[in-house]
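*Asks:* Return atomic coordinates for the entry below.
(chains A and B)
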2 protein chains.
Amino acid sequence: MTTVSNTTLGPASDSAQLFELAQQLRVDSVRASTGAGSGHPTSSLSAADLMAVLMSRHLRYDWEAPDNPAGDHLIFSKGHASPLLYAMFKAAGVVGDEELMTTYRRFGHRLQGHPTPVLPWVDVATGSLGQGIAYGVGIALAGRYLEKQPYRVWVLCGDSEMAEGSVWEALDKAGHHELANFTALIDVNRLGQSGPTELEWDTDSYARRAEAFGCRAIVIDGHDLDAIDQALTTAADGQAPTVIVAKTVKGRGVAEVADKDGWHGKPLPEDLAERAVAELGGPRDLRVRGPQPPDATPAPAPAAEPVELPRFDLGDKVATRVAFGKALVALGARPDVVALDAEVGNSTHAEDFKKAYPERYFQTYIAEQQMIADAVGMAVRGYRPYATTFAAFLTRAHDFIRMAAVSEITMALCGTHSGVEIGADGPSQMGVEDLAMMRAVRGSTVFYPSDATSAAALTAAMADVEGISYLRTTRGAYPVLYPGDETFPVGGSKTLRHSADDQVTLVGAGVTLHECLAAADRLADDGIQARVIDLYSVKPVDADALARAAQDTGALVVAEDHHPEGGIGEAVLSALSASGSHPAFAHLAGTDLPGSGTTDELLDAAGISRAHIAEAARTLLKR
Amino acid sequence: MTTVSNTTLGPASDSAQLFELAQQLRVDSVRASTGAGSGHPTSSLSAADLMAVLMSRHLRYDWEAPDNPAGDHLIFSKGHASPLLYAMFKAAGVVGDEELMTTYRRFGHRLQGHPTPVLPWVDVATGSLGQGIAYGVGIALAGRYLEKQPYRVWVLCGDSEMAEGSVWEALDKAGHHELANFTALIDVNRLGQSGPTELEWDTDSYARRAEAFGCRAIVIDGHDLDAIDQALTTAADGQAPTVIVAKTVKGRGVAEVADKDGWHGKPLPEDLAERAVAELGGPRDLRVRGPQPPDATPAPAPAAEPVELPRFDLGDKVATRVAFGKALVALGARPDVVALDAEVGNSTHAEDFKKAYPERYFQTYIAEQQMIADAVGMAVRGYRPYATTFAAFLTRAHDFIRMAAVSEITMALCGTHSGVEIGADGPSQMGVEDLAMMRAVRGSTVFYPSDATSAAALTAAMADVEGISYLRTTRGAYPVLYPGDETFPVGGSKTLRHSADDQVTLVGAGVTLHECLAAADRLADDGIQARVIDLYSVKPVDADALARAAQDTGALVVAEDHHPEGGIGEAVLSALSASGSHPAFAHLAGTDLPGSGTTDELLDAAGISRAHIAEAARTLLKR
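*Replies:* Take a look at the predicted model:
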């Protein structure tokens, strides 16, 4: 039995030493997962050789200074191989054996089942497959086009996850942007969670696909240390985005589980773990110090210019998406602001930013998942991304937004063309579930402005909001309601109509606020005074103003251009409930399948037009 | 000026006649969109030649009997080219010129901005790009493996949408399943919505990608009628899934807009439209009768066997996902039930169905979007699909679920491993926003069983629920609460603890119901009688039982293993508000980012454990 201890491996380590390191990574993967009673040891064993060579010879990384701007990035897209990642951290000397053995997958500790940025050496949370590679492309984009730093991005992928379309969105962008600083290593171990993968060991198919998407592909035996080293050397030559297709064996090194089905996501039982560790040559205590990062590019960010938000004249009809575009251009004065588009920039007005700041505008074409992944990658690197598409199409990226929240990313999203308001294009283009989606994102902030002034102000506010913020905008042009110096605090609201005699409160946002105002006029004609609240901040919501209105008027009508579930109505009910307010309440929201039509026809058909709002108010008052 | 009128074109029509038809399709595309004042004429013009040849010579379709089981299927994945599709309907004689000219994109009419199945010749709604091709694969799968009918599926795709990862999930499956009955025609017109596409006219790149994903690729000039005919003949040879990469010109035939940027999604102004129609040779009145469908396969579906649901013993600990798997196997007695898996079938128990009914089980590997698209395609063909993955990963397919609702599809979804309950795997695997997503789906039904008996019964109920139904299941095993003959109506609930002296009501579902029961025990120890409601039907929700509980007890605690937004708590508030009930209310739901841990640790950290529920009840009672 070979035992090697207290040796430090560096870039010049020989193959025998690399083998020992790989075996140590395997041993620690087995030990950690058996100790935790759960985890994915066999998925770790297949990639141990790849990672041993990478961390010793190619990953230019300062383990003591993970924030070195020139340091490489390593992403485990196959996040379930966390035992291997954490074994690497141990080999790097930043995690101790005791932490690995006693805290992995335990409550309150950082070595979680799937890696998250709670760990200083982890950029993004992974565990939803097909995402890590996309975030890697986003970071590589930032490195090459924004920071212009010399770092490289290395992504370890599983083979099962290559079935996700998001992987091909990512590789397409790696090719399109010629991201020579990007390398994906595909650990083709043939076995997925519940049986053989679709392509099993057909490494040539993976290579053909990668090449067809504009990347350089290198097929190797993923357990041949010299072949790995050569492939990584080529990948680092700065010539092209590279996909290393490594044929490997799941459970490699432990005969009882190697290439055997039924061992995915299962720790080895203690007796088998003991035999495995022995077969792997026993525990080792090798340390690794791979190459250090090169000098960082001495490119201090340009100073921020003052942001001069656009001004709009009261009463002029301006679409909130137009105001968003103009405000985004104004925000461009901040050098950390970047804009991402999914080939609808002329509709969303994200394109305005392109004209002003082409170097900080990124066209991701119709690939919403990669648009969000690029935003996440740029946020990881300290930028404030604004990613925009139709509200309806943000649903395409829901899982990426969900995972960005797990990564505790700060980014701004804008969804345009919300609701049935859009008219003739019909239901496929109508975002009527986006508020439910975005409210349920952990830690999110959700804005829904009704006029250009508030849209611009809230667009600017998003640059300073922590976490994921969302701006919902509207297709059509509506009157400017606020003067340019009006402020719109997060969690606030505006009371646009107000008197001592208010009998009912009408709550709207976006197009329905304008309908509420018109309904208030109609009610006034009947001698009914209605308070009107612009609920521009949907999350957090202005519970105080709502409770006050409930107390003052005793009756609330909420109208929203959204499905009834998870949107403004339920946000209001939650707030009222929390404050113990129980007004008479009417909730107007669309439930039937809309078709094409004019805005007025569709608002009316959805039951959220001025006529319906006024009628709902009258009905409440008759109770 | 050529004028041809009242001629009927058939499969033997010559090139000159096909040219006339193509020009007619162009003329009508221009006329319809100009008449409507919106629409996408230039995107229609590029594909007119492809569609003229297809409908005359290759689309085996009985326009009078669109439900002919052997008839081909045509899907416009580029749904915005609806003017072209509707012009084809006119040429087929099923839509009149007056309908085309006076109702396109108008309120209350069926010729909507993007096609939907309101039209009898449309299988699925499109307009969210990258989806039609995926649905086409689903229908082709059904045709080849379920129905064994001789129909072919033809999908017209735009080039911009080839950037969507979902397209590659679809083509991968077309190749994997050797869908020789599937053909995609890519209309490579080089210009997207807001400028050139990523690959512009690089037709070879499209071809290489299609081939790498297992399809046969044919590159043609998309305006060469003979080349189109040859390519379609090859595509129909039954040898392989085929991708026809057609180089075309956006706006083809109208010199003022052809290959010009800035004309996407814009109708031609009236004067330009007049010149365009003249340039195109003026209006025509050609009729097309292409080939008829072959004889349908005389394969009567096997008779349904009686469904014998699994029975569970009271008190035994059984996971709801296990009960789902067993019930799904039982439902297999119905020959219309099919199961779809995203390579997690051993965790979700969808795999149980594979063992019993391998011919009706479909492994889509880790490609959730295509899993839903396959389900939609099968539903279009009359099957009752059950598609299953982790609740967290269903978010990956949110846009497909949204569009399935626009298509008014009936299908059953099951999301397993919901909530923080799952434990050590950590937040990436925890579905804590799925209820918000699924409640906000138009017309959806949402179930969340707490025990095996109800899980099995609700799994069975989903086979008869119209629209999209969702079953949320739990990882861990919990006691069976109900005897096998208990019934669980849609929109019902179960009151598990009840007395004349109830002071508070505890509402839970899934794991939190068990916590509520334990909390009720603790409260009873303190002399507080608590009613406990199992809210297994989250949408529709049992408003009567909730109102009764509110009236009887005056205080409600809702605990849910989900984010606070859009889930059970807000469903309950909406129901209470609608019924005018205003109990004291406490809503327990997780808001902080969870990590790894045991179920008990994580429930407690999320504030939804028995201790927190009991404490919330006590606090309400002290008010």
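*Asks:* Just list the residues touching A:Ser418, thanks.
*Replies:* A:Ser418 makes contact with A:391, A:430-432, A:434, A:448, A:472-475, A:510, A:561-562 under the criterion CB atoms under 8 Å, 6 or more residues apart in numbering or on different chains. C-beta coordinates here come from the backbone N, C-alpha and C atoms, glycine included.
*Asks:* Specify which member of those is nearest to A:Leu286.
*Replies:* Taking CB to CB as the measure, A:Asp434 is the one of these closest to A:Leu286, at 50.7 Å.
*Asks:* Find the residue closest to the closest one in space, skipping its chain neighbours.
*Replies:* Once its chain neighbours are removed from consideration, A:Asp434 has its nearest residue in A:Ala391; the separation is 4.1 Å (CB to CB, 6 or more residues apart in numbering or on different chains).
*Asks:* re the thing from before, export the contacts of A:Ser418 to JSON lines and tack on secondary structure, pLDDT and neighbour count?
*Replies:* Rendered in JSON lines, the data for the contacts of A:Ser418 read as follows (DSSP: H, G, I helix; E, B strand; the rest coil; pLDDT from 0 to 100; neighbours: other CB atoms under 10 Å in any protein chain shown):
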{"residue": "A:Ala391", "secondary structure": "helix", "pLDDT": "98", "neighbour count": "31"}
{"residue": "A:Met430", "secondary structure": "coil", "pLDDT": "98", "neighbour count": "29"}
{"residue": "A:Gly431", "secondary structure": "strand", "pLDDT": "98", "neighbour count": "27"}
{"residue": "A:Val432", "secondary structure": "coil", "pLDDT": "98", "neighbour count": "28"}
{"residue": "A:Asp434", "secondary structure": "helix", "pLDDT": "98", "neighbour count": "30"}
{"residue": "A:Tyr448", "secondary structure": "coil", "pLDDT": "98", "neighbour count": "36"}
{"residue": "A:Arg472", "secondary structure": "strand", "pLDDT": "98", "neighbour count": "31"}
{"residue": "A:Thr473", "secondary structure": "coil", "pLDDT": "98", "neighbour count": "29"}
{"residue": "A:Thr474", "secondary structure": "coil", "pLDDT": "98", "neighbour count": "29"}
{"residue": "A:Arg475", "secondary structure": "coil", "pLDDT": "98", "neighbour count": "22"}
{"residue": "A:Gly510", "secondary structure": "coil", "pLDDT": "98", "neighbour count": "31"}
{"residue": "A:Asp561", "secondary structure": "coil", "pLDDT": "98", "neighbour count": "32"}
{"residue": "A:His562", "secondary structure": "coil", "pLDDT": "98", "neighbour count": "32"}
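*Asks:* Next secondary structure element downstream of the longest helix anywhere in chain A?
*Replies:* Criterion DSSP state H: the longest helix present in chain A is helix A:15-36. If you walk from helix A:15-36 toward the C-terminus, the next helix or strand you reach (DSSP states H and E) is helix A:41-45.
*Asks:* Check the spacing between the residue nearest to A:Asp434 and chain B real quick.
*Replies:* Computed as CB to the nearest CB, to the nearest Å, the A:Ala391 to chain B distance reads 11 Å.
*Asks:* picking that back up, which elements pack onto the longest helix of chain A?
*Replies:* Counting contacts by 3 or more CB pairs under 8 Å, 6 or more residues apart in numbering or on different chains; DSSP states H and E, the secondary-structure elements packed against helix A:15-36 are strand A:5-9, helix A:41-45, helix A:48-53, helix A:82-92, helix A:97-103, helix A:225-235, helix A:270-279, strand A:285-288.
*Asks:* redo that, cut-off 7 Å
*Replies:* Packed against helix A:15-36 by the contact rule (3 or more CB pairs under 7 Å, 6 or more residues apart in numbering or on different chains; DSSP states H and E) you find helix A:41-45, helix A:48-53, helix A:82-92, helix A:97-103, helix A:225-235, helix A:270-279, strand A:285-288.
*Asks:* Please work out which residue of the stretch 301-450 of chain A is closest to chain B.
*Replies:* Using CB to the nearest CB, the closest approach of the stretch 301-450 of chain A to chain B is made by A:Ser428 at 2.7 Å.
*Asks:* and that residue, which of the three is it?
*Replies:* Per DSSP: H, G, I helix; E, B strand; the rest coil, the secondary structure class of A:Ser428 is helix.
*Asks:* who's in contact with it?
*Replies:* Contact criterion CB atoms under 7 Å, 6 or more residues apart in numbering or on different chains gives B:79, B:114, B:125-128, B:403, B:406 as the residues in contact with A:Ser428.
*Asks:* Could you find the closest non-adjacent residue to it?
*Replies:* B:Gly127 (2.7 Å).
*Asks:* and what of A:Asp62?
*Replies:* Leaving aside its chain neighbours, A:Asp62 sits nearest to A:Asn68 (4.8 Å; criterion: CB to CB, 6+ apart).
*Asks:* now do A:Asp295
*Replies:* With CB to CB, 6+ apart as the criterion, A:Asp295 has its nearest non-adjacent residue at 6.5 Å, and that residue is A:Ala70.
*Asks:* From chain B, how far out is the one you found?
*Replies:* With distances defined as CB to the nearest CB, the gap from A:Ala70 to chain B amounts to 29 Å.
*Asks:* Pretty sure that residue sits against A:Gln149.
*Replies:* Yes - taking contact to mean CB atoms under 7 Å, the distance of 5.3 Å between A:Ala70 and A:Gln149 places them in contact.
*Asks:* got any residues that touch both of those two?
*Replies:* Listed as contacting both A:Ala70 and A:Gln149 by CB under 7 Å, 6+ apart are A:Ala296.
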